[in-house]
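**Student:** coordinates only, sequence not included:
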């Protein structure tokens, strides 16, 4: 795997993962408007538009970077990529800071199948039981491109696996896990992309992207 992280907003610019033949491809479309780390609610701070201080991290089984946001309260974000193909993000902020942290990323879609932990997605302002179109659970993944219309929200509750994307042609699999308060999912711009905004409770939250190749 290969990862690029920007000091501008702590944004993920690139996440390259191998397919079953060992060929790398970028799973992200980096540099999109709004990408990066957000402190919610934090009127006027817009941390995703500001330069963060960065310090490289090298450990026995991982490499990464420690980022500290400008201003107060400071947000500390640590990205770590390990030998097993997992990119983990740990965030810390003062207990009296605004309520939540969010990482916004844009994924490339090219025929991927998608599955979600909660079994169904919830349009903004709707109740879960009002959603039509069937489940998206791990036993019955659907084409991610079928997620049309307004943004959806996957309710939080506990840790563990929240989302899985599988590329049947190349065998690449991307999983999102962590103790999420919620997960916003939307068709991205440009077409053929998927917008993800996992939200975790501050302080001390963790999100992980796990990449693997299916045989």
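**Tutor:** Sure thing, it's come through. If you're wondering where the values come from, they're calculated on a predicted model, not measured in any experiment. Numbers count the residues shown, from 1 in each chain.
**Student:** Helix or strand next in line after the lowest-mean-pLDDT helix or strand in the chain, which one?
**Tutor:** Lowest on mean pLDDT, DSSP states H and E among the helices and strands of the chain sits strand 122-123, with a mean of 60. Counting by DSSP states H and E, the element after strand 122-123 in chain order, helix or strand, is strand 142-143.
**Student:** mean confidence for that next one?
**Tutor:** In this model, strand 142-143 has a mean pLDDT of 88.
**Student:** Show the subsequent helix or strand relative to that strand.
**Tutor:** That would be, after strand 142-143 and using DSSP H and E, strand 152-155.
**Student:** Which other helices and strands does that following strand contact?
**Tutor:** strand 122-123, strand 180-187 (3 or more CB pairs under 8 Å, 6 or more residues apart in numbering; DSSP states H and E). For glycine as for every other residue, the C-beta is placed from the backbone atoms N, C-alpha and C.
**Student:** Which among these is found nearest to residue 114?
**Tutor:** strand 180-187 (8.6 Å; CB to CB).
**Student:** what pairs with that closest one, and is each one parallel or antiparallel?
**Tutor:** Applying DSSP bridges to the sheet, strand 180-187 is found paired with strand 152-155 (antiparallel), strand 193-201 (antiparallel).
**Student:** Can you tell me which of those strands has the worst average pLDDT?
**Tutor:** Looking at the strands paired with strand 180-187, the bottom one is strand 152-155 with a mean of 76.
**Student:** what's the span of stretch 20-40, first residue to last?
**Tutor:** 39 Å (CA to CA, to the nearest Å).
**Student:** Pull out the buried positions in it.
**Tutor:** 27-30, 32, 35-39 (16 or more other CB atoms under 10 Å).
**Student:** Please identify which of these is nearest to residue 115.
**Tutor:** Relative to residue 115, the closest of the buried residues of stretch 20-40 is residue 27; by CB to CB it sits at 16.1 Å.
**Student:** if I look at the nearest residue to that closest one once chain neighbours are set aside, how far off is residue 46?
**Tutor:** Nearest non-adjacent residue to residue 27, counting by CB to CB, 6 or more residues apart in numbering: residue 15, 4.9 Å away. Using CB to CB, to the nearest Å, residue 15 is found at 24 Å from residue 46.
**Student:** higher neighbour count, the two?
**Tutor:** residue 15 (23 against 13; other CB atoms under 10 Å).
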